[in-house]
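1. Next one to model:
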Amino acid sequence: MCLAVPMKIISLEPGDRGVVESDGVRYDTDLMLIEEPRIGDYVIVHAGYAIEKLKIEEAEERIELFRRMAALIKTRPLP
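-> Just a heads-up that it's a prediction; the model follows:
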């Protein structure tokens with residue numbers, strides 16, 4: 001199973017690259033699939049590529065779901 005993670009663009013780099021962040025974790029990411037990426041935009045990242053831009057409300061909702069899933073796994077590890 002693959003996960004696409006909502007992350008915030010924190011810097012733009014040459015060659016359609018950028019750095020994205022979520023909960024203090026940063027990744028170098030390819031932004032070539034995003035139209036007019038800007039610092040502060042939220043994107044869905046999959047396999048090193050930003051594949052979709054999100055509205056801030058949608059990003060925050062998805063990030064909260066990931067946090068809740070992580071909390072559940074900590075209390076009830078998968079078999």
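
2. residues touching F66, list them.
-> V5, P6 (C-beta atoms under 8 Å, 6 or more residues apart in numbering). The way it works is simple: take the backbone N, C-alpha and C, and place the C-beta from them, glycine included.

3. Quick check: bridge partners of V19?
-> V19 has these beta-bridge partners by DSSP bridges: S11, D28.

4. what's the neighbour count on it?
-> V19 is flanked by 17 other residues according to other C-beta atoms under 10 Å.

5. Who are the contact partners of it?
-> With the criterion set at C-beta under 8 Å, 6+ apart, V19 makes contact with I9, I10, S11, E13, R26, Y27, D28, T29.

6. roughly how far apart are the second one and V45?
-> Read it as I10. 12 Å (C-beta to C-beta, to the nearest Å).

7. These two: which has the busier surroundings?
-> When I10 and V45 are compared for neighbours, V45 comes out ahead with 21 against 12, by other C-beta under 10 Å.

8. Surely that one touches I51?
-> Yes. Contact status for V45 versus I51: in contact at 7.3 Å, counting by C-beta atoms under 8 Å.

9. Start from the N-terminal end of this protein and give the strands.
-> 5-13, 17-22, 25-30, 42-46, 49-54 (DSSP state E).

10. Okay, now the sheet partners of the fourth one, with direction.
-> Put plainly, it is strand 42-46. strand 5-13 (antiparallel), strand 49-54 (antiparallel).

11. Restrict that strand to CA atoms and write it as CSV.
-> As requested, the backbone C-alpha atoms of strand 42-46 are provided in CSV (Å, rounded to 0.1, in the frame of the first residue of the first chain):
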residue,chain,number,x,y,z
TYR,A,42,0.3,22.5,0.9
VAL,A,43,0.8,19.6,-1.4
ILE,A,44,0.3,15.9,-1.4
VAL,A,45,3.7,14.1,-1.7
HIS,A,46,4.1,10.6,-3.1
